[in-house]
Each structure stands twice: as C-alpha cells, then as structure tokens.
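In: sequence and predicted structure below; questions after.
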Amino acid sequence: MQNGTPSKFYDVMIIGSGPAGWTAALYASRANLKTLVFTGAQSGGQLMLTTEVENYPGFKDGIMGPELMNEMREQAVRFGTELVEDDVTRVDFARRPLTAWVGDEAYHGKAVILATGASALWLGLPSEERMRGRGVSSCATCDGFFFRGKEIAVVGGGDTAMEEATFLTTYADKVTIIHRRDGLRASKIMQDRARNNSKIEWALNNQVLEVLGQTNEHGVEGVAGVRLRNTITGEESTLPIQGLFIAIGHKPNTELFKGQVEMDDQGYLITTEHTASNVPGVFVAGDVRDHRYRQAITAAGEGCMAALDAQEYITGEIWTDWAIGEQSPAVEHPVGTTA
C-alpha cells in the first residue's frame, strides 16, 4: 500500500482459533507474513470441550484438548502472530483490502482465512452440558477408544448416528440407538448395516430427559445412565450406560459470512480450488467446510494448505495501486448464498 496505509493492515487475517486457525497462523507467520488471528471471545474451538486427545500425532501419552490448543497458540505467537481476543462482528470481502470489524474497529488484510469451524448440535439438557467430556461426547472417532468393553448409547436417527453407532461397536460391548421416532432418517444401507449388527440395540420412540452421573472412588464423575421418556406412552425408564454420544448433526459457524462467500444449503463454505473460496483472497480451512471428517488433524492440515495458498495469492497480487475501500477488480458485488 502507498500513503494512507492503515495501522491495522495485515498480510493475512485468520478468523477462528481451532486447529485450522492456529496452524494457518503458524505457517503464515513463519513465511514472514504479517498475521492476525481473531480468536473469538471463546478461543480454541471444539477441542476446548474435549478432555484427553489420544489421536493427535506427536503425543504418545495423549494430551488434554485445551492444552493442545494452548500449545498451538503459543507456537504461532512465538513466530509473530498477533491476536485480537474478541469476536468479529462483520466483514466486507467485496472491496480491497478485505476488511473485518470488531465492533467499530476495522482491520484490513490482503488475504483472509476463514476457520470458524462447526458446532455440534446438542440436546440442550443441563445434565448433558455438565457431563460433556465426562462420558458425553459428540465425536465417536475422537472418544470411542475410551469405551472399550462398556455399554453406551447414541442419540440420533440419521446417517451420522448409524455410522457412529456402527463404529462404536468396535470398542463397546453394546450400543443402544435412541431416537424419538420409530422411523429413521438414515439411508437404507446405513439402517441395514446398523440393524444387522448384533452389538446394536434400539430404543426407538424415546427421548432423553436426563443424563445420570455417578462419582467413582477417585472422586471423578462419569455417566451412569440416561432417563428416557417414551414419546408415545409417556412412560419413563432408565437405561444404564457408561457413555452417551450425541449424533444429531453439526452447524457450521458461518452466519457471519452470509452474502460474502458461497455456501451450500447447509451453510458450509464451498471451495473452488484447493482451499480457495469463490472470492479472490478468501480461503477456507477446517470444519467450516468439512462435514465429513471433522478431525483436529484434518483441520490442521487444511490450515497449512490455506496459509500456503494465501501466501501464493499474495505473492501474485499487485497491492501498491489499490486504495482503502476500493472495489475489488475481481469482485463486482457481494455474492449471494443458498443457505
């Protein structure tokens, strides 16, 4: 930029502070790009709700989710990443430079990486929230290993629930699928796979009223069962289990970007090539676009890719002729969204 360069001008701005965001920040900062991360008021993403992580490479004895996020954060900061520990309130990707606001404070960048992730949908029970990370989980791939030889339950009736339940039979002695209706939304092939699995039992026409806990001899509370209500008869019952997996879906955290970048009908951001969105200079990484794997390691990998793509984009652009607020020559107007 020529005269009038704003003080809050960066090469790369990253919105989101999960594995994708911190990895992108590490790679961008090590490439000597002036990098800013908007961590959000609650930084760290889904791993801040996870206790022990055993499937992230490099930690043979496992690592606590919040500790892993703090290590990633400190590594990025070590190489010069700057932080704004607040939520972005609006963005403008139709003009150059790209702009993000926190309240009335504007921040400008040559490239932006969107890494806001996705949030698991929960039942909304106080007992469920209290027991998260203590036997209640939303990720079978992440936490199934901890339930070897135990009896557990999965809540949901879609493909995700069937897939999670089938996967969990690798570890658990019994998996009960709880669904509030008799009919399932899952595809026939996924239903058949679950119904043909001898380890899977069914509690259809039931909804969870409460997650029951008990404290062990070490003073640690864990799941002891769930209290159910039959949606037809109203009768209540108790299902003794040691783990509960919620598989009723995820919601991408993309509300902020509606009308700015292209999304699918579920709100997940769409990439056109590698990690690029349909808007030049805007890149996407992690669960904000990935509704299949949703793993810390895949999100981190995409964060690396997005940073490298952003670096290549910045290297190929001419910035000295653009003024603050100038309409981008590549984007004539904000795009619409199908979400």
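Out: That came in fine, so what should we check first?
In: tell me the buried residues in stretch 90-97?
Out: Going by neighbour count (16 or more other C-beta atoms under 10 Å), the buried part of stretch 90-97 is 91, 92, 93, 94, 95, 96, 97. For glycine as for every other residue, the C-beta is placed from the backbone atoms N, C-alpha and C.
In: from residue 191, how far out is the fourth one?
Out: If I follow you right, that is residue 94. Distance of residue 94 to residue 191, computed by C-beta to C-beta, to the nearest Å: 45 Å.
In: over to the fifth one?
Out: Counting by C-beta to C-beta, the gap from residue 95 to residue 191 is 49 Å.
In: residues touching residue 226, list them.
Out: 153, 178, 208, 209, 210, 211, 212, 238, 239, 241, 244 (C-beta atoms under 8 Å, 6 or more residues apart in numbering).
In: with residue 221 instead?
Out: So residue 221 contacts 131, 134, 213, 214, 215 (C-beta under 8 Å, 6+ apart).
In: from the residues you listed, which land in strands?
Out: Per DSSP state E, strands hold the following members of the contacts of residue 221: 213, 214, 215.
In: bridge partners for the first one, pull those for me.
Out: Right, the one you point to is residue 213. Going by DSSP bridges, residue 213 is paired in beta bridges with residue 223.
In: got any ranges where the protein has weak pLDDT?
Out: Along the chain, segments meeting pLDDT under 70 span 1-7, 44-46, 48-51, 317-339.
In: could you identify the longest helix within it?
Out: Ordering each helix of the chain by length in residues (DSSP state H) puts helix 296-316 first.
In: now do that helix: distance to the chain's middle.
Out: Computed by C-alpha atoms, centre = their mean, to the nearest Å, the separation of helix 296-316 from the middle of its chain amounts to 17 Å.
In: list the buried ones in that helix?
Out: 296, 298-311, 313-314.
In: how about stretch 250-267?
Out: Residues 250, 252, 253, 254, 257, 260, 261, 262, 263, 267 are the ones in stretch 250-267 that count as buried (16+ other C-beta under 10 Å).
In: in strands only, show me those.
Out: Per DSSP E, the buried residues of stretch 250-267 map to strands at 250, 252.
In: would you list the buried residues of stretch 250-267 in JSON lines and tack on distance to residue 119?
Out: Putting the buried residues of stretch 250-267 into JSON lines (distance: C-beta to C-beta, whole Å) gives the following:
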{"residue": "250", "distance to residue 119": "7"}
{"residue": "252", "distance to residue 119": "8"}
{"residue": "253", "distance to residue 119": "6"}
{"residue": "254", "distance to residue 119": "11"}
{"residue": "257", "distance to residue 119": "15"}
{"residue": "260", "distance to residue 119": "20"}
{"residue": "261", "distance to residue 119": "19"}
{"residue": "262", "distance to residue 119": "21"}
{"residue": "263", "distance to residue 119": "16"}
{"residue": "267", "distance to residue 119": "11"}
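In: now, which of the buried residues of stretch 250-267 sits nearest residue 279?
Out: Distance to residue 279 across the buried residues of stretch 250-267 (C-beta to C-beta) is lowest for residue 261, with 5.3 Å.
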